[in-house]
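1. Generate a structure from the sequence data that follows.
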Amino acid sequence: MKILFINPSKMGSGYTPIWIASHYPLLKKNGHSVEFFDCCLYEDWTDQYIEENTKSGMYLPSDYFNMVQLNQNDLLVDLQNEIDTFAPDVIFWSAISSHIHSEGEYVNIQYGYDLLINISHNAKLITGGIQATAEPNKILELFPQIDILIRGESEFVLLELLKDISNFQSVNGISYKRDGSLICNPPQEIISDLDVLEPYDYSLFTPNVLLRPYNGKVYKTVDYELSRGCPYSCAYCVETVIQKYYSLESNKGVLKNPKRYLRNKSAKRIFFELKTLSEKHGVEFIRAQDTNFLTINRKVLNELASLIQESDLKIFFYIETRPENINSEKVVELLKKLKVDGVAMGIESGIESFREEELNRFVKQEKIIRAFKMLKDAGIRRTSYNILGLPGETQEMLHSSIKLNAEIKPDNISTSYFSPYIGTPLFDKLNETTKFNYIYDLDDGLRYLTPQTTDLSASLVEFYRKNFKSLVENGIENIDIN
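-> Numbering: from 1, shown residues only. Below you'll find the model as predicted:
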């Protein structure tokens, strides 16, 4: 069959959605024809995320805008021409991978749909992602032209659908409407061995999409996953949506049986894919999108480190983990051997009791401070993640977050507005008293300040986001919010 992938991202920068790299080679191996339409660098579509973050100080200035020119064509005209020429049987534009709640992926169902309702086609519309997994009935009501939703992991579900697209009703892992009623088939099995997937293939992306700024320089970069799953169940995180779909339970912020959910590729498979990216595409920078890099099987990471050390592979990593996972010199030494240049860790709030009671996030303050110090001593860059406008947050609590950041002195500071992601425990709790309207178009950092769930005004939260970095660096003693 002929399948058109669409990346409807409005990020305005070279992000490489992982689901494209994972689905494409599997479909190709099974005889299907795949073409790709990438919206991310069209000037009439993008929101210029890199430009906004450079202005706010989250990114250092770079030559990115001298190297990457935005597409001046009319996006809808180009998309219509692509569909008219290729005549796809299926159009597919969103899916779950490790790349699940940042870089604008949460909103892609809506953005893809917004494009396609203005386009003539005869294709089946199939999509997936966090929203489809959390609340399929609502999604199909909002976007009635969608034919099939895939919930959970979609590589093998999509492959199964393509065997007979006119007779799909028995495929597990899908939802659809029949005579106005919602049909939700049983969940598919979790992909327990990620090596059964084909080696990820990034050849659909154009070379300029791989360019990305990092600490003032521009590198050829891809988003990549070594693993899937997270053992933690923070109340605001979309990981909880996938965990709930697969009937996983947690206690005090940790899954009761994480082994079923935590999976990784073998070290040899990872090294093969990294080597291919370097030699075929000239990739230098690997943006690991693993939800928690240091919960990957330690034997696998050690073997991968040895393979990298024994090779002439010229790559480096940026990863995400939690402070309590940076707990020994041995761990830091492993990160150095893996060529990890930067580590991002969630602070979210500077109040330990608030993190535990409201966010289901259990990490001691001293472990945060120690982790940032250990990485600094090792010469590894550190980024802190901070959420502003959390439910119940006060101005004094925001000041505590600023003071904690001032103490740990991160190299980079990332701030985002609180986003009530549908299907998360915190969304469900808030929705009992604050009935959210249409929030599917939210973005945690750029486009959307969420409905008020705190006593703080929207303008005050916006002030702190714009000035967070300078307040960390210069102190809050003489703060002027006028």
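
2. from here on, contacts and neighbour counts on C-alpha atoms
-> Noted.

3. Tell me how many other residues crowd residue 280.
-> 11 (other CA atoms under 10 Å).

4. Quick check on it: phi, psi?
-> Note on residue 280: its backbone torsions stand at phi -90, psi -40 [degrees, to the nearest 10].

5. in the stretch 151-300 of the chain, what spans have low per-residue confidence?
-> Within the stretch 151-300 of the chain, no stretch has pLDDT under 70.

6. Spell out, range by range, the helices that occur in it.
-> With helices called from DSSP state H, counting those that start in this stretch, the stretch 151-300 of the chain shows them at 155-161, 239-245, 267-281, 298-309.

7. ok, now the stretch 351-482 of the chain?
-> 352-359, 365-377, 395-408, 425-431, 458-474.

8. For residue 131, which of those helices is the nearest?
-> Taking CA to CA, helix 425-431 is the member of those nearest to residue 131, at 12.7 Å.

9. For the closest one, which outside residues touch it?
-> 235-236, 240, 359, 420-422, 453 (CA atoms under 8 Å, 6 or more residues apart in numbering).

10. from those residues, which two are the most distant?
-> In these, two members sit farther apart than any others by CA to CA. They are 240 and 453, at 20.4 Å.

11. who's more crowded, these two?
-> Between residue 240 and residue 453, counted using other CA under 10 Å, the more crowded position is residue 240 (25 against 18).

12. and residue 53, how many neighbours does it have?
-> 17.

13. domain ranges for the protein?
-> Using automatic domain parsing, the domain parsing of the chain gives 2-184, 194-474.

14. Quote the end-to-end distance of the first one.
-> So the one you mean is domain 2-184. End-to-end distance of domain 2-184 (CA to CA, to the nearest Å): 26 Å.

15. got it, and the last one?
-> As for domain 194-474, its first-to-last residue distance stands at 46 Å under the measure CA to CA.

16. Distance from that domain to the middle of the chain?
-> 9 Å (CA atoms, centre = their mean, to the nearest Å).

17. between the helices of the stretch 351-482 of the chain, which gets nearest to residue 22?
-> helix 425-431 (29.1 Å).

18. Kindly export that closest one (C-alpha atoms) in CSV.
-> Extracted C-alpha coordinates of helix 425-431, given in CSV (Å, rounded to 0.1, in the frame of the first residue of the first chain):
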residue,chain,number,x,y,z
PRO,A,425,-3.7,11.8,37.5
LEU,A,426,-3.3,15.5,38.0
PHE,A,427,-5.6,16.3,35.1
ASP,A,428,-8.2,14.0,36.5
LYS,A,429,-7.9,15.5,40.0
LEU,A,430,-8.2,19.1,38.7
ASN,A,431,-11.0,18.2,36.3
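
19. tell me, how many neighbours does residue 199 end up with?
-> Using other CA under 10 Å, residue 199 has 19 other residues around it.
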